[in-house]
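Q: generate a structure from the sequence data that follows.
(2 chains)
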Amino acid sequence: MEKLLVENLSFRYALGDREVLKNASFSMEKGGMAVVCGASGSGKTTLLKLLCPAIAPKGERTGSVTVDGRDIYAIPAHEAASMVAYVAQNPEAQIVTDTAYGELAFGPENLGIKPEEIRRRIAWTASYFGIEEWLDKKTQELSGGQKQILNLASAIMMKPEIILLDEPTTYLDPVMTSRFISMLQSVNRELGTTVIVAEHRPELFAGKADRYLTVEDGEVRDSSEEIVPPEPDMFYERLFAVNEPERRTGKTDRALKCTDVRFRFRGGDRDVLKGLNVDIPKSCVYALLGSNGAGKTTFLKCVTGELKPYRGKIELTGKAAALPQNPISMFIEETPRKDFRNYLVLTGCPIKDISSRIEAVAEKTGTAALLDRNFLDLSGGETEMCAVAKLMLTGAEIMLLDEPTKGLDTVSKKRLAEFFDDLSKQGMTVIFVTHDAEFAREAATGAGVLSGGVVLE
Amino acid sequence: MFVDNMALRGISLALALIALAANGHPFGKVVKLFLGSLISCVAFAILNCLISHNGATVLFSINRTRFTLEAAVFGLSIGLMLAGTAFWCLFITDESSSDDLVYLTGRTMPKFSVLITVTLRYIPEIIRTFRETFSAQKMLGVYDGRKFYTRAAVASKTFMTVVERSLEDALETSIAMQAKGFGTRGRTFARRQKWTVRDTVVCAVMAVAGIFSVAGTALEWVTFEYYPNVILYYERILGVLTIVMYCVLFAIPAAVTIEGRLRWKSCLSRT
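A: Have a look, this model is predicted:
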């Protein structure tokens, strides 16, 4: 018998005017792994939430969801919570407690499980996921990847039969993404947990998932035949190919030159930047890659002047402005238009020019339709573009971006790459630091790797 | 600490410094803290002399304004109280974790302990987000060359925005809580700490010493008068007992810490 059976599931939100899901039907065997793909807003998250009664959205639902032949909505709440676990997209927001230990214990405590049993489960789970050394850590001290592993571990603490994950790798760098997927595969294969994961990059699960479901306009269909595993490719060769002379043709003027830049945080610490040299031409889209802690963000902060190197020279030929990792931190008003207006007033722009400047920048960045929408309603990609628009309002000629693809789906990344190309054609220089080698290959016309405190090209 | 008695405030400050030293703070740092507290005491003494002119012992007068010994002592006493409070807070921060607090409330009030742990996560998170947003605004140049009130208005708007966004994130946290079965049945509580007989004994001693100290000061077995003259009054038996109990109460943290260190050292010496 199937572990999970979904039959003719349709759903309309309480205030919605259309069906978000239309007669969705599929089944899962015990220990299976399915990837749910589909564009943003296609209904993937709604489908997952409807499989977990504790967080099912309010609205009109028809059809049935059964686990081991039992209607999931008729099962007592605490039993359903231990049967189906859910891991959301944002690793930060779904953590409840302040310590990793407390977070692991939180779920089983809610289910009234005896403390001795919870302690045993924590010991086993920590050992299984290799997270023993951070059990005593504050959750705020963990990296994004560690937080998401903690979320997966705390879901496993409930001993679920089915685990649902909503785009769990969106905020993770490629190294962490790969580690997270391997862990998920272990959970699936070794613990026999049925896994359903919504993902906008289904190819990441090639060879790991049993089946693929695509949600399109609320309809769910099997698309297992359509997924093509990515071809093996030599990483560094692909990356440095962007430095080939033909892609840099005609770019002789200089935007940024760093000579022997050395930086350390405190007197006794080691140097983060150890005599860094880099020469970036004008109108170039330059990608700087490197592992976690390599000093990429430190480098950007030195360029913007937020940090001062103790030795070396940084020459910028033009005004530079930086976009932080979290683009929403650029805004303090509810809508982009209000925020842009407030910014221009504060920076002394004549009142009569404000509207025209906003419209001009919005047109260049393709954000005209977003100007009056609340930031909370914008997607990651849309917020990123609004942040870039704000950078353009500063009159900067050199844009520095810290991990611009964090949290973006494939479509948004493609748009961003095209936009960088447009900016470069308009004479602007774009320098971004990233983990995302694929994006760097797509978007950049120059690239380097920051390793051992120096840039290698 | 908050008792309006300079002698007791002095005892509290001295024991706080001993507790900090026992807790592994380098001797130099403790001396610096002590000197800092002396400076703050002197500053408060001068400040109070400038504000208050009560008291019988005139030290000197300028333009018919009297500067009295009693006013200086009162200021000194305020300095002792503030420094003592700060040092005890530092000790508590060093010595106890949020886990301890959650443990203490978890068994009797499991839902309240969830509230504590959620708050303990929320506060640093909101501070981090505020710093991030503030730094982004600064980088955009909104603070450059602005008047103080404009900068204050932007900073306060930034804070309000961060709070609003954190409430939006809280919705996601609440979904995660529901997914983990929060509120579906009675909570249990699993922590690694264990309540021992030793904890009961220490708590009992602290309770007795605390009650005696409060009673002794409330019933004026020990009093300290600042005006018109500085007088320390204490009843022969009960007053002395109150002071002893007060000392016991504030010496317990240092004693427990020293005992732990000695035990650790003796364990090391055996291996």
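Q: now the most centrally placed residue in chain B: how far from B:D199?
A: With distances taken as Cα atoms, centre = their mean, B:C89 lies nearest the centre of chain B, 2.9 Å away. As judged by Cβ to Cβ, to the nearest Å, B:C89 and B:D199 stand 22 Å apart. Where C-beta positions appear, they are placed from N, C-alpha and C, glycine not excepted.
Q: show the contacting residues for the residue nearest to the centre of chain B.
A: Under the criterion of Cβ atoms under 8 Å, 6 or more residues apart in numbering or on different chains, B:C89 has no contact partners.
Q: per-residue confidence for it?
A: Each residue has a pLDDT score; the one for B:C89 is 89.
Q: the worst-scoring helix or strand of chain A on mean pLDDT: what's the following helix or strand?
A: Of all regular secondary-structure elements in chain A, judged by mean pLDDT, DSSP states H and E, the least confident is helix A:235-240 with a mean of 60. Downstream of helix A:235-240, the first helix or strand assigned by DSSP states H and E is strand A:254-263.
Q: can you pull the buried residues of that next one?
A: In terms of neighbour count (16 or more other Cβ atoms under 10 Å in any protein chain shown), strand A:254-263 has its buried residues at A:254-256, A:258, A:261-263.
Q: what about A:D136, how many residues nearby?
A: Residues near A:D136, counting by other Cβ atoms under 10 Å in any protein chain shown, number 12.
Q: nope, B:Q193 is what I was after
A: Other residues within reach of B:Q193, judged by other Cβ under 10 Å, total 12.
Q: hang on, it packs against B:D99?
A: Yes - with contact defined as Cβ atoms under 8 Å, B:Q193 reaches B:D99; the gap is 7.3 Å.
Q: how close does A:I431 get to chain B?
A: 15 Å (Cβ to the nearest Cβ, to the nearest Å).
Q: isn't that residue up against A:D402?
A: No - A:I431 is not in contact with A:D402 according to Cβ under 8 Å; the separation is 10.1 Å.
Q: near chain B, which of the buried residues of strand A:254-263 show up?
A: Among the buried residues of strand A:254-263, not one lies near chain B by Cβ under 8 Å from any Cβ of the partner chain.
Q: closest one of those residues to A:E359?
A: Nearest to A:E359 out of the buried residues of strand A:254-263 is A:A255 (Cβ to Cβ; 27.4 Å).
Q: quick one: the helices in the stretch 51-200 of chain B?
A: Taking DSSP state H, counting those that start in this stretch, the helices of the stretch 51-200 of chain B run over residues B:69-95, B:98-106, B:110-139, B:148-179, B:197-218.
Q: rank these by pLDDT, which is bottom?
A: helix B:98-106 (a mean of 80).
Q: chain center to that helix, what's the gap?
A: Here helix B:98-106 is found 18 Å from its chain centre; the criterion is Cα atoms, centre = their mean, to the nearest Å.
Q: helices or strands next to that helix in the packing?
A: Judged by 3 or more Cβ pairs under 8 Å, 6 or more residues apart in numbering or on different chains; DSSP states H and E, helix B:98-106 is in contact with helix A:100-110, helix B:110-139.
Q: and those, which is most packed in?
A: Most buried of these, by mean neighbour count (mean count of other Cβ atoms under 10 Å in any protein chain shown): helix A:100-110, with a mean of 26.
Q: please save the CA atoms from that helix in CSV.
A: The C-alpha trace of helix A:100-110 is given here as CSV (Å, rounded to 0.1, in the frame of the first residue of the first chain):
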residue,chain,number,x,y,z
ALA,A,100,20.8,24.2,19.1
TYR,A,101,20.0,21.8,21.9
GLY,A,102,16.7,23.6,22.8
GLU,A,103,15.8,23.6,19.1
LEU,A,104,16.2,19.8,18.8
ALA,A,105,14.2,19.2,21.9
PHE,A,106,11.4,21.7,21.0
GLY,A,107,9.4,19.3,18.8
PRO,A,108,9.4,16.2,21.0
GLU,A,109,8.7,18.4,24.0
ASN,A,110,5.6,19.7,22.3
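Q: tally of neighbours for the closest residue to B:R107 other than its chain neighbours?
A: In space, and not counting its chain neighbours, B:R107 is closest to B:F189: 5.6 Å by Cβ to Cβ, 6 or more residues apart in numbering or on different chains. The number of residues packed near B:F189 is 18, by other Cβ under 10 Å.
Q: wait, B:F189 touches A:P115, no?
A: Yes - counting by Cβ under 8 Å, A:P115 is a contact partner of B:F189 at 6.4 Å.
Q: gap between A:T99 and A:T139?
A: From A:T99 over to A:T139 the distance is 6 Å, taken as Cβ to Cβ.
Q: actually, B:A209.
A: Separation of B:A209 from A:T139 (Cβ to Cβ): 37 Å.
Q: the more surrounded of A:I431 and A:D402?
A: For A:I431 versus A:D402, neighbours defined as other Cβ under 10 Å are more numerous around A:I431 (24 against 19).
Q: which ones are touching that one?
A: Contacts of A:I431 were listed using Cβ under 8 Å, 6+ apart, and they are A:255-256, A:280, A:286, A:288, A:300, A:303, A:398-401.
Q: repeat for A:E199
A: Listed by Cβ under 8 Å, 6+ apart, the contact partners of A:E199 are A:35-37, A:167-169, A:205.
Q: also A:G31?
A: Contact analysis of A:G31 by Cβ under 8 Å, 6+ apart lists A:3, A:188-189, A:192-194.
Q: next one: B:I46
A: Contacts for B:I46 were tallied using Cβ under 8 Å, 6+ apart; they are B:72, B:75.
Q: so which strand or helix has it?
A: For B:I46, the host element (DSSP H and E) is helix B:27-51.
Q: average model confidence for that helix?
A: Here the average pLDDT along helix B:27-51 is 91.
Q: same question, stretch A:97-106
A: Averaged across stretch A:97-106, pLDDT comes to 91.
Q: how far does that stretch sit from its chain's centre?
A: On the basis of Cα atoms, centre = their mean, stretch A:97-106 sits 23 Å off its chain's mean C-alpha point.
Q: ditto for stretch B:52-61
A: Taking Cα atoms, centre = their mean, one finds the center of stretch B:52-61 at 33 Å from the center of the full chain.
Q: go on, stretch B:170-190?
A: The answer for stretch B:170-190 is 32 Å, by Cα atoms, centre = their mean.
Q: in it, what counts as buried?
A: In stretch B:170-190, counting by 16+ other Cβ under 10 Å, buried: B:172-182, B:184, B:187-190.
Q: once you drop chain neighbours, what's closest to the closest residue to chain B within the stretch 351-457 of chain A?
A: Distances between the stretch 351-457 of chain A and chain B by Cβ to the nearest Cβ are smallest at A:L376, namely 5.6 Å. Distance criterion Cβ to Cβ, 6+ apart; nearest residue to A:L376, sequence neighbours excluded, is B:E168 at 5.6 Å.
Q: check A:Q94 too.
A: With Cβ to Cβ, 6+ apart as the criterion, A:Q94 has its nearest non-adjacent residue at 3.7 Å, and that residue is B:A176.
Q: and that neighbour, what is it in contact with?
A: With Cβ under 8 Å, 6+ apart, B:A176 has these contacts: A:86, A:88, A:93-96, A:151.
Q: isn't A:K49 right up against A:G59?
A: No - checked against Cβ under 8 Å, the pair A:K49 and A:G59 is beyond contact range at 10.5 Å.
Q: which of these two has more neighbours?
A: For A:K49 and A:G59, the more surrounded residue by other Cβ under 10 Å is A:K49, and the numbers stand at 20 against 16.
Q: and A:I280, that one's in a strand?
A: Yes - judged by DSSP: H, G, I helix; E, B strand; the rest coil, A:I280 forms part of a strand.
Q: can you tell me the helix or strand for the residue sitting furthest away from the middle of chain A?
A: No residue in chain A sits farther from the centre than A:K352, which is 39.0 Å out by Cα atoms, centre = their mean. Here A:K352, judged by DSSP H and E, is contained in helix A:351-365.
Q: A:N374: neighbouring residues, count only.
A: Using other Cβ under 10 Å, A:N374 is surrounded by 11 other residues.
Q: got a list of what it touches?
A: Residues near A:N374 by Cβ under 8 Å, 6+ apart: A:334-335.
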